[in-house]
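1. Return a 3D structure for these sequence lines:
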Amino acid sequence: MHEKTYERRVAEQIAQYAATVNMHDLPEIFHLWSNSFIAPGIEQVFGVRSINDIYVNAFIEAIANGGGRRILSIGCGDGSIEICIANALLARGFSDFQVVGSDLSPILLARFQERIQSENLTEYCIAKEVDLNSMSDLGRFSMIMANHSLHHIEALEQLFENSWALLEERGIFATCDMIGRNGHMRWMESEIIIQSIWSLLEPKQRFHAQLKRYEERYRNHDCSVEGFEGIRAQDILPLMLERFHPYRFFGAGGFVDLLVDRGYGHSFDPHSERDRSMILFLGQLNDMLLDAKVITPTMMFAWFTKDDRGEVYYRNRRAVESVRKPDVDPCWVRHYADFVG
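-> Below you'll find the predicted structure:
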């Protein structure tokens, strides 16, 4: 089988979201999990409970440090988050700022432009078509944000090099993204846990809504076979730490996020006591295993800076310890593989 060309992946990436009306739509059960296990971490590390406020507060702190008033959003998509951020800043009394939303999809940028005009934000927001794998000089920014876009980018080294050049000296790089295994696959230690609980799921909960297939046994799917989905997810955090310093960091996810996300999550009923109890139990187990360093996070909510300002982190989950080395399986995993093999 021939390896897909870069141009083919770009075309697939654009087509993948062309028909998507709400890119941020999630199953109801996801919110049960996130309100129970994500929101507390965000609040402790950032002092807020919403992802949008993570970006808003990063910008406010950056300009308080003497920075300019420009925000670059890497991979803005249809601009939903950026519109919310602009409106939040206006509501807080800020009127001298500019949000530059960059993306490679003209389809999504057209939707962004429509929202900008319909909400009278032309003075504050710009939609700009940019190939995120090869960003050119866009000027200087007090805050760069990447909301679930880094895991679509193949040339991460170039992106972070460009971001370093574009970010002001006292600026903040704020991101919420996936940092698990490439293609959003599970590392062996998490896959073992998922396989062990798979029989507890009802048949309908083993149906993957996006792939439209029933899985009697969990299949560790590689999402990067189409487009750029999770193409280099496992490289994001280590490459970021090579260049930037972690300032505020919250690592979460592991295995339970797989069950509450778009693939399987729609089959869980948030009004069912059994389903609620199962997700809350698995969420607690997931957090215990993260804290014990048995598994590593699959997602991060973070601020990075050029200078070392110290690191605020959740529990014992420092950024550097949230990196999962791809060539080193935990000792117990190797023993388990030998046992079942």
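
2. The longest strand belonging to the chain packs against which elements?
-> Longest strand in the chain by number of residues (criterion: DSSP state E): strand 167-178. Under the contact definition 3 or more C-beta pairs under 8 Å, 6 or more residues apart in numbering; DSSP states H and E, strand 167-178 sits against helix 51-64, strand 141-147, helix 233-243, strand 299-305. C-beta: built from backbone N, CA, C; applies to glycine.

3. Can you tell me which of those is most buried?
-> Greatest average neighbour count among the helices and strands packed on strand 167-178 goes to strand 141-147 (a mean of 26), per mean count of other C-beta atoms under 10 Å.

4. Contacts for that strand next, please.
-> 51, 55, 58-59, 62-63, 67-76, 81, 100, 163, 166-168, 170-177 (C-beta atoms under 8 Å, 6 or more residues apart in numbering).

5. quick one, helices of the stretch 151-300 of the chain?
-> For the stretch 151-300 of the chain, helices defined by DSSP state H, counting those that start in this stretch occupy the ranges 156-166, 188-197, 233-243, 256-260, 273-291.

6. Which pLDDT does the model give the nearest residue in space to residue 200 that is not next to it in sequence?
-> Nearest residue to residue 200 in three dimensions, chain neighbours excluded: residue 278, at 7.2 Å (C-beta to C-beta, 6 or more residues apart in numbering). Looking at residue 278, its pLDDT reads 98.

7. What is the burial count for residue 278?
-> Counted with other C-beta atoms under 10 Å, residues neighbouring residue 278 total 20.

8. Can you verify my assumption that it contacts residue 205?
-> No: using C-beta atoms under 8 Å, residue 278 makes no contact with residue 205, being 9.1 Å away.

9. Now for those two: what residues contact both?
-> residue 268.

10. before we move on, the earlier item: generate CSV for the helices and strands packed on strand 167-178, with mean pLDDT and distance to residue 254 as supplementary columns.
-> Output for the helices and strands packed on strand 167-178, formatted as CSV (pLDDT from 0 to 100; distance: least, C-beta to C-beta, whole Å):
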stretch, mean pLDDT, distance to residue 254
helix 51-64, 97, 19
strand 141-147, 97, 21
helix 233-243, 98, 14
strand 299-305, 98, 9
